[in-house]
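Novice: Turn this into a structure:
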Amino acid sequence: MQDPETIYVQQVQAGDDDAFNELLRRYQKPVLNFAYRLLGDATEAEDVAQETFVRAYRHIGDYDSRQKFSTWLFAIAHHACLDHLRSRKRRPEISLENAPDPSITSREVERNEMGMLIAAAVAKLPEDQRTALVLAEYHGMSYAEIAAVMRCSEKSVESRLYRAKQTLRGRLRPLLA
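Specialist: As a prediction, the model looks like this:
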């Protein structure tokens, strides 16, 4: 029996835009989350997520139903993020600070600060380690799925995850002491 995503893809390939809207509904948040965790900027992540779905729609005929739709889609998102990171290096960076919200409790502030510290540590990882970590930890992908998204071997995925976790432990250890 075919999974629902494959059926939706076949319907999109037959010209059914409502089926694409269903795929968009199912994957919009995961793709946005993935892009945000790689890029670290919500606005840029929204742009990349939109670009991912535009690319997916344009290339839906290239989808091979022998692989999971999510793997194919995340591979597109990964390449869109890489394209965006390359273009970001050519632009000057502008930093804006947000004023603290006085209605937030001290416990929420601590939790937010810890989350921000973890996110900052993840953001400082090399791109290949960060991508593998985000796909494994936040999207629950297997080594095989991550290898397909990143176009590398499962051993490379294992190695990248190991190095990412070691680096994060080293960077976060002082905060947890």
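Novice: just checking, next helix/strand downstream of the worst-scoring helix or strand of the chain on mean pLDDT?
Specialist: Within the chain, no helix or strand scores below helix 106-123, which has a mean of 69 by mean pLDDT, DSSP states H and E. With elements assigned by DSSP states H and E, the helix or strand that comes after helix 106-123 is helix 127-133.
Novice: For the helix or strand containing residue 6, which helices and strands make contact with it?
Specialist: In the assignment (DSSP H and E), residue 6 maps to helix 4-13. Where contact means 3 or more Cβ pairs under 8 Å, 6 or more residues apart in numbering; DSSP states H and E, helix 4-13 is packed against helix 17-39, helix 69-88. In this view, the C-beta of every residue, glycine as well, is placed from N, C-alpha and C.
Novice: Next, the angle helix 4-13 makes with the last one.
Specialist: Between helix 69-88 and helix 4-13, the angle comes out at 70 degrees (axes from the mean of the first three to the mean of the last three Cα atoms, to 10 degrees).
Novice: which residues touch helix 69-88?
Specialist: Under the contact criterion Cβ atoms under 8 Å, 6 or more residues apart in numbering, helix 69-88 has outside partners 3, 5-6, 8-9, 23, 27, 30-31, 34-35, 38-39, 44, 47-49, 51-52, 55-56, 59, 63-64, 127, 131, 135, 139, 141, 145, 148-151.
Novice: Report the secondary structure state of residue 140.
Specialist: Counting by DSSP: H, G, I helix; E, B strand; the rest coil, the backbone at residue 140 sits in coil.
Novice: Now the helix holding residue 6: buried residues?
Specialist: The neighbour-count check on helix 4-13 (16 or more other Cβ atoms under 10 Å) flags 5-6, 8-9, 11-12 as buried.
Novice: what angle sits between it and helix 17-39?
Specialist: Using the same axes, to 10 degrees, helix 4-13 lies at 120 degrees relative to helix 17-39.
Novice: State the distance from the closest residue to residue 18 other than its chain neighbours to residue 21.
Specialist: Among residues not flanking residue 18 along the chain, residue 11 sits closest, at 7.9 Å (Cβ to Cβ, 6 or more residues apart in numbering). According to Cβ to Cβ, to the nearest Å, residue 11 and residue 21 sit 11 Å apart.
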